[in-house]
Structure formats: C-alpha cells, structure tokens
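Q: Structural data only, the sequence is not supplied:
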C-alpha cells in the first residue's frame with residue numbers, strides 16, 4: 001500500500017471512529033473515550049481482563065468500539081485528540097501516519113472524499129472479537145453508516161485494538 005493510500009485509509013478510519021462515539025447512547029458515553037488535550041488522551045479506566053461486572057467481554061468490546069468510533073469521527077475533521085486512541089509507535093501509526101499521528105490527522109481532511117467524509121462522521125461500530133491476549137479485532141464488516149459511502153479501501157479490513165493504561169488504542 002502506498003504511503004498516500006495508507007494515510008487516506010488511516011484518516012478515514014479515524015473519522016469513522018470519531019463519528020460513532022457521538023452517535024447513539026447517552027451523553028456520558030462520549031466522555032468515557034475523550035482523550036486529553038495533549039492528543040494522547042485518557043479514557044475511563046477499563047477493568048482488567050477476567051474481572052467480573054464491567055470487566056466482562058461485552059463491556060470491554062463496547063469500550064473498544066467507543067474508542068474506535070471516537071478516533072474515526074475526530075480524525076475525519078482533523079482533530080488531533082483522535083491520536084489519543086492510536087498506540088504511539090504502533091504499526092498503525094507508522095503505516096497510516098508515517099509515524100506522526102498528530103500531523104497525519106491534521107492533514108486527513110484534505111485526503112477524504114465528500115462521500116467518505118459523510119460516511120465516516122455517521123459511522124457506527126458494532127461487533128468485534130476479543131482474543132486470549134485481550135486484543136480486540138473489529139472488521140470493516142462491523143461498521144455501518146447512515147450517510148455517504150465508503151468501502152474497505154476507504155479505511156482498512158480489520159482494526160486491532162489493545163487496552164493500554166485503561167485506554168483502548170489502535171495498534172494495527
């Protein structure tokens with residue numbers, strides 16, 4: 001994948017994630033995945049794997065979905081707080097943003113087609129699976145949107161997320 005295609009894909013993914021964080025649910029759901037102003041952010045702490053109550057698989061999946069949605073919505077509009085949901089020095093940051101999430105997100109709005117932008121700002125993340133290591137995989141097929149159009153080439157086939165310090169971040 002060329003660098004420009006990877007950047008475009010990353011931008012679209014970020015936009016979609018950011019969009020879904022604000023869609024549906026109560027107003028408190030967005031605050032749970034709001035990165036701090038420095039762009040690396042923090043979210044409400046997620047329970048450790050195997051913990052009961054909010055630590056259930058479904059609760060962990062929902063937290064990861066919210067983080068992906070927040071990333072997509074924010075990155076689509078160039079909001080660098082989206083980088084709070086990208087693992088620093090991760091495969092994702094290197095491939096999509098050439099190692100500089102903040103600059104990549106700032107540039108993202110210039111690489112997104114209008115139809116893709118509309119899709120990404122209305123994207124809803126559902127589904128996903130969590131593996132034994134605690135990583136969450138969310139395939140493109142688990143994204144839906146109410147306006148615009150995008151394909152798997154707009155974003156990427158699968159997003160892999162990992163909880164780091166209580167924050168769900170995209171690693172690849």
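A: Done, it's in. Predicted model only: the values in this text are computed from it and were never measured.

Q: so where is this structure shaky, pLDDT-wise?
A: Within the chain, the ranges that satisfy pLDDT under 70 run 1-55.

Q: So what does residue 162 have for phi and psi?
A: The phi/psi pair for residue 162 (degrees, to the nearest 10) reads phi -140, psi 140.

Q: who's it bridged to?
A: Beta-bridge partners of residue 162, counted by DSSP bridges, are residue 169.

Q: List the contacts of it.
A: 87, 134, 135, 136, 168, 169, 171 (C-beta atoms under 8 Å, 6 or more residues apart in numbering). Where C-beta positions appear, they are placed from N, C-alpha and C, glycine not excepted.

Q: Counting neighbours, which of those comes out on top?
A: residue 168 (28 neighbours; other C-beta atoms under 10 Å).

Q: so how far is residue 109 from that residue?
A: Distance, residue 168 to residue 109, by C-beta to C-beta, to the nearest Å: 24 Å.

Q: Pipe the contacts of residue 162 into JSON lines and attach distance to residue 155 and secondary structure per row.
A: Compiled in JSON lines, the contacts of residue 162 are given as follows (distance: C-beta to C-beta, whole Å; DSSP: H, G, I helix; E, B strand; the rest coil):
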{"residue": "87", "distance to residue 155": "17", "secondary structure": "coil"}
{"residue": "134", "distance to residue 155": "23", "secondary structure": "coil"}
{"residue": "135", "distance to residue 155": "18", "secondary structure": "coil"}
{"residue": "136", "distance to residue 155": "16", "secondary structure": "strand"}
{"residue": "168", "distance to residue 155": "17", "secondary structure": "strand"}
{"residue": "169", "distance to residue 155": "16", "secondary structure": "strand"}
{"residue": "171", "distance to residue 155": "15", "secondary structure": "coil"}
